[in-house]
Structures are given as structure tokens and as C-alpha cells.
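S.K.: Model the structure of this input:
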Amino acid sequence: MICKYVALYVPDLRAAEEFYARLFGMELLFREGKRDGEWRAQRPGEDWSDAETAGAKLLMVALQRGEFVLALFQGSPTPGTVVEICLGLDPPEEIEAVLASLPENARRLDEPGGEIEFEDPFGYVWTLQAPDVPFVSPDALAGRWLY
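M.R.: Residues are numbered from 1 along each chain as shown. Model (predicted):
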């Protein structure tokens with residue numbers, strides 16, 4: 001089992017992007033926001049000023065170093081709040097073993113592309129997927145742009 005990504009709420013998304021990128025030597029993977037209530041990706045190569053000029057509010061930033069991704073979400077959580085945890089499990093039998101162990105009150109959320117997502121009884125969202133599945137913006141892949 002490997003930890004593939006961690007998603008955290010931060011009160012100042014732009015400052016957090018700069019801080020974590022510098023602190024951990026991470027590169028920008030992508031940024032996203034919402035338009036008409038749906039997630040949309042910022043086009044590659046654009047920056048914060050492009051979003052501001054377009055009147056778009058960025059709500060999520062993904063930073064990457066090696067295989068690890070740090071996903072940052074705009075928000076003012078209780079200190080230490082985690083948005084989502086993703087584990088890379090291989091072979092598929094490992095994922096099935098975890099699913100078989102889920103308590104009845106764990107809520108399954110969805111299964112896009114073979115990954116399993118569930119909310120545990122304590123409110124944390126977990127994603128289980130093969131270790132080689134990249135952290136990508138599904139909105140960018142589908143051509144759903146923020147502006």
C-alpha cells in the first residue's frame with residue numbers, strides 16, 4: 001500500500017500553493033474552480049491573474065512531486081481537517097479485501113474507472129485505486145474549462 005495523495009482544506013489557496021510548492025519542491029499539476037455549480041479546470045499554462053481577469057474563482061490546486069500529489073481546497077476547516085485520502089493498492093484483490101472489510105455504515109460514493117471511493121463512519125473520504133493511476137483533472141480530460 002502506498003499513499004498517493006492527500007487533500008487538505010486551506011484558508012488561503014494561493015498562499016498555500018506558493019508555500020507548499022516552495023517547501024516541498026512541488027510542481028503545479030492543475031487548478032480548478034466551479035462554474036454553474038460544476039467543477040471546471042483552468043487551462044494549462046494559465047495563472048492566478050488569468051483566472052482573476054476572467055472573473056473565475058479558483059477553489060482547488062493540485063501540486064505534485066514524484067508520484068505524490070497534494071490537493072489543496074479553498075476552505076476554513078477545523079485545524080487538521082483532511083478532505084480525502086487515496087491509497088494505491090495492487091493487485092485488485094487488495095482493493096476487494098478492503099471492500100469486504102468495510103462496515104455496513106461506510107457509505108460507497110462512486111466507482112469511476114475502477115477506483116473505489118467511500119466515506120467512513122467518521123466522515124473521511126477514502127479512494128482506493130491501482131498505484132499506477134495518475135492524479136488527473138477529469139474536467140480537463142473532458143474539456144470542461146473554468147472560463
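S.K.: Output the below-cut-off pLDDT ranges for this structure.
M.R.: Regions of the chain meeting the criterion pLDDT under 70 cover residues 110-114, 121-122.
S.K.: Mind doing that once more with 80?
M.R.: 1, 77-81, 83, 90-92, 94-96, 98-99, 102-115, 120-124 (pLDDT under 80).
S.K.: Sketch out the strands for it, chain order is fine.
M.R.: Assigned by DSSP state E, the strands in the chain fall at 2-10, 27-35, 38-41, 58-65, 68-74, 82-88, 107-110, 116-119, 125-129.
S.K.: so can I have TSV of those strands showing distance to residue 147 and mean neighbour count?
M.R.: Glycine gets a C-beta too; all of them are placed from N, C-alpha and C. As requested, the strands of the chain are exported to TSV (distance: least, CB to CB, whole Å; neighbours: other CB atoms under 10 Å):
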stretch	distance to residue 147	mean neighbour count
strand 2-10	22	17
strand 27-35	7	18
strand 38-41	8	17
strand 58-65	10	20
strand 68-74	17	19
strand 82-88	24	17
strand 107-110	27	11
strand 116-119	28	18
strand 125-129	28	20
